[in-house]
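Chemist: 3D, please:
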Amino acid sequence: MNIAVLGAQWGDEGKGKIVDLLTPHVSIVARYQGGHNAGHTVYVKGQKFVLHLIPAGILHPGVTCVIGNGVVIDPHALFAELDELGRHGVEAGDRLLISDKAHLILPYHRELDLLAEARRGERKIGTTSRGIGPAYEDKIARRGIRVGDLVDRAALAEEVRENVEARNHLIGGSALDWRAVLDDLLTLGERMRPWVGDVSLFLAQAIREGRPVMFEGAQGTLLDIDHGTYPYVTSSNASIGGVCTGLGVGPRAIGGVLGVAKAYLTRVGEGPLPTELTGAMGDRLRDTGQEYGASTGRPRRCGWYDAVAVRYAVRINGIDALALTKLDVLDGLDAIQICTAYRLHGRLITEWPSDTALLAACEPVYETLPGWEAPTKGVRRFDELPAAARQYIARLEEVSGVPAAIVSTGSDRDETIVRDDSVVGGWLTARPRR
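Modeler: Numbering: from 1, shown residues only. Have a look, this model is predicted:
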């Protein structure tokens, strides 16, 4: 069974933990979009791993990790991550495959990112300023440099020279030496060479052989370049369509879709957030949930669970079930609110507005449920959750339109409930063939 795991909110939903949890049931974990602006945090027996480019499956021996053509790669960030994993005893070895069609983030992309954000002024997007957007811009403008280009020095030299000279013209100040950029790329390319190949062909053969694949997304549906809160979005397709374009697989390869959603809501950067809490409750969720970006350290904006947003993600992605994370962050609250609809210019609406300006004008319509005093932290059986917590989950299922097949009750891999009677329980019955 090949499944896609993706974010059903504005990213930071806890996808890394869920991918890590499900990895023993697959043979391959394939990342399909984004760059090192992603931050997937996984705790294994108290040890913390933060992954940016490498799929979360890398922490399991025998699992092959794939970086698809839809990902943009900063080679320095890639090797820094591999070296850090190595220091913790996790070696990629022959378990990593990088698409020769993946585009590279070059030194000037970060400069262009910072420049573009500064020019926007009050209309800034709140990017991570890591060069992700400019790298995708070069890709679409057909002037990007791909991993496969690193093998041809003569052709690469011409491309690098043209791009660096364009950078020097745009940015001004001290000129960047294109020869230094070229030499650096060639050195990095030589180290990357053993892992480079045709990802689409590899996945086609693996699927034909019956090897289960998990497709791993970064960011979240509401940050999707086409379907998110444009222009306050990422530069790639974080939704389900990115699987096909970012890995070179057909839609029939996707056997199931698992959406990951927090039991409340967070967002990093600018843009509308209808359920945002700016007072003491927002601070409480941020501090208890340690809501600070894994990639940037930026504090996240926090709010109540928005069922309108999740229903939209369910529709866009064809989500079969949810993995509900950070339930334990809500422990001890007297009451919990769920946004079930919006009020827009005095009119009640239950569907996600396609216009970001309209979303910014929406007021949340809340339903209040009782909280629970008994802790959910570390609970591993659904029937051992407090009755009010089970009631809250049941209501989230009703208003979201899909079941919560997985419930996370803590940061560690083992602090998780997988409901055996759920669709995910059925997905996990098949044994992987590696």
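
Chemist: where does residue 180 fall, helix, sheet strand or coil?
Modeler: Classification of residue 180 by DSSP: H, G, I helix; E, B strand; the rest coil places it in helix.

Chemist: buried residues in the longest strand along the chain, which are they?
Modeler: Taking DSSP state E as the criterion, the chain has its longest strand at strand 335-344. The neighbour-count check on strand 335-344 (16 or more other Cβ atoms under 10 Å) flags 336, 337, 338, 339, 340, 341, 342 as buried. Every C-beta, even on glycine, is put in place using the N, C-alpha and C of the backbone.

Chemist: pLDDT at residue 122, what is it?
Modeler: As summarised for this prediction, residue 122 has a pLDDT of 62.

Chemist: ok, residue 45 next?
Modeler: Model confidence at residue 45, expressed as pLDDT, equals 75.

Chemist: count the neighbours of it for me.
Modeler: The local packing of residue 45 (other Cβ atoms under 10 Å) involves 7 other residues.

Chemist: how long is stretch 6-21 end to end?
Modeler: Separation of the first and last residues of stretch 6-21 by Cα to Cα, to the nearest Å is 14 Å.

Chemist: tell me which strands and helices the longest strand of the chain is in contact with?
Modeler: Counting contacts by 3 or more Cβ pairs under 8 Å, 6 or more residues apart in numbering; DSSP states H and E, strand 335-344 is packed against strand 305-306, helix 307-317, strand 347-349, strand 363-370, helix 387-400.

Chemist: so how far is the third one off the chain centroid?
Modeler: Okay, so that is strand 347-349. Strand 347-349 sits 31 Å away from the centroid of its parent chain (Cα atoms, centre = their mean, to the nearest Å).

Chemist: use 47 as the first number from now on
Modeler: Taking 47 as the first residue, the last one we looked at is strand 393-395.

Chemist: next secondary structure after that strand?
Modeler: For strand 393-395, the succeeding helix or strand toward the C-terminus, using DSSP states H and E, is helix 402-406.

Chemist: list the buried residues in that next one.
Modeler: When neighbours are counted by 16+ other Cβ under 10 Å, the buried residues of helix 402-406 are found to be 402, 405.

Chemist: ok, stretch 117-126 next?
Modeler: Counting neighbours by 16+ other Cβ under 10 Å, one finds that the buried residues in stretch 117-126 are 117, 118, 119, 120, 121, 123, 124.

Chemist: okay, and which of those map to helices?
Modeler: Assignment to helices by DSSP state H places the following of the buried residues of stretch 117-126 there: 121, 123, 124.

Chemist: of the residues you listed, which is the nearest to residue 276?
Modeler: The shortest distance between residue 276 and any of these, using Cβ to Cβ, involves residue 123 and amounts to 26.1 Å.

Chemist: is it true that the closest one touches residue 98?
Modeler: Yes - at 6.4 Å, residue 123 and residue 98 qualify as touching, with contact defined as Cβ atoms under 8 Å.

Chemist: any shared contact partners between the two?
Modeler: Residues touching both residue 123 and residue 98 comprise 81, 82, with contact defined as Cβ atoms under 8 Å, 6 or more residues apart in numbering.

Chemist: re the thing from before, dump the buried residues of strand 381-390 to JSON lines, plus distance to residue 297 and pLDDT.
Modeler: JSON lines is the format used below for the buried residues of strand 381-390 (distance: Cβ to Cβ, whole Å; pLDDT from 0 to 100):
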{"residue": "382", "distance to residue 297": "37", "pLDDT": "98"}
{"residue": "383", "distance to residue 297": "37", "pLDDT": "98"}
{"residue": "384", "distance to residue 297": "32", "pLDDT": "98"}
{"residue": "385", "distance to residue 297": "31", "pLDDT": "98"}
{"residue": "386", "distance to residue 297": "31", "pLDDT": "98"}
{"residue": "387", "distance to residue 297": "32", "pLDDT": "98"}
{"residue": "388", "distance to residue 297": "31", "pLDDT": "98"}
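
Chemist: just curious, which of these is nearest to residue 234?
Modeler: residue 385 (46.1 Å).

Chemist: from residue 383, how far out is the residue nearest to that closest one when sequence neighbours are not counted?
Modeler: In space, residue 385 comes closest to residue 410 once its chain neighbours are excluded; the distance is 4.0 Å by Cβ to Cβ, 6 or more residues apart in numbering. As judged by Cβ to Cβ, to the nearest Å, residue 410 and residue 383 stand 8 Å apart.

Chemist: okay, and the common contacts of these two?
Modeler: Common contacts of residue 410 and residue 383 (Cβ under 8 Å, 6+ apart): 321, 350.

Chemist: coming back round to it: deepest of the helices and strands packed on strand 381-390, which one?
Modeler: When neighbours are counted by mean count of other Cβ atoms under 10 Å, the highest per-stretch mean among those falls to strand 351-352, a mean of 27.

Chemist: where do the helices of the stretch 47-196 of the chain begin and end?
Modeler: With DSSP state H, counting those that start in this stretch, the ranges of helices along the stretch 47-196 of the chain come out as 61-68, 121-133, 153-166, 178-186.

Chemist: by mean pLDDT, show me the worst of those.
Modeler: Within these, the stretch with the lowest mean pLDDT is helix 153-166, showing a mean of 78.

Chemist: mind listing what residue 123 touches?
Modeler: With contacts defined as Cβ under 8 Å, 6+ apart, the neighbours of residue 123 are 81, 82, 98, 99, 151, 176.

Chemist: ok, the fifth one - how many residues close by?
Modeler: Here the neighbour count serves as a burial measure; for residue 151 (other Cβ under 10 Å) it reads 27.

Chemist: and for residue 115, the neighbour number?
Modeler: As a burial measure, the neighbour count of residue 115 was computed by other Cβ under 10 Å and equals 24.

Chemist: who's in contact with it?
Modeler: Going by Cβ under 8 Å, 6+ apart, residue 115 touches 145, 147, 148, 149, 245, 246, 292, 293, 294.

Chemist: show me this structure divided up by domain.
Modeler: According to automatic domain parsing, the chain comprises the domains 49-141+244-473, 149-241.

Chemist: give me the below-cutoff pLDDT ranges for the stretch 147-296 of the chain.
Modeler: 162, 164-173 (pLDDT under 70).

Chemist: quick one, grab the pLDDT at the spatially closest residue to residue 407 that is not a sequence neighbour.
Modeler: Using Cβ to Cβ, 6+ apart and skipping residues adjacent in sequence, the residue nearest residue 407 is residue 390, 6.0 Å away. With respect to pLDDT, residue 390 has a value of 97.
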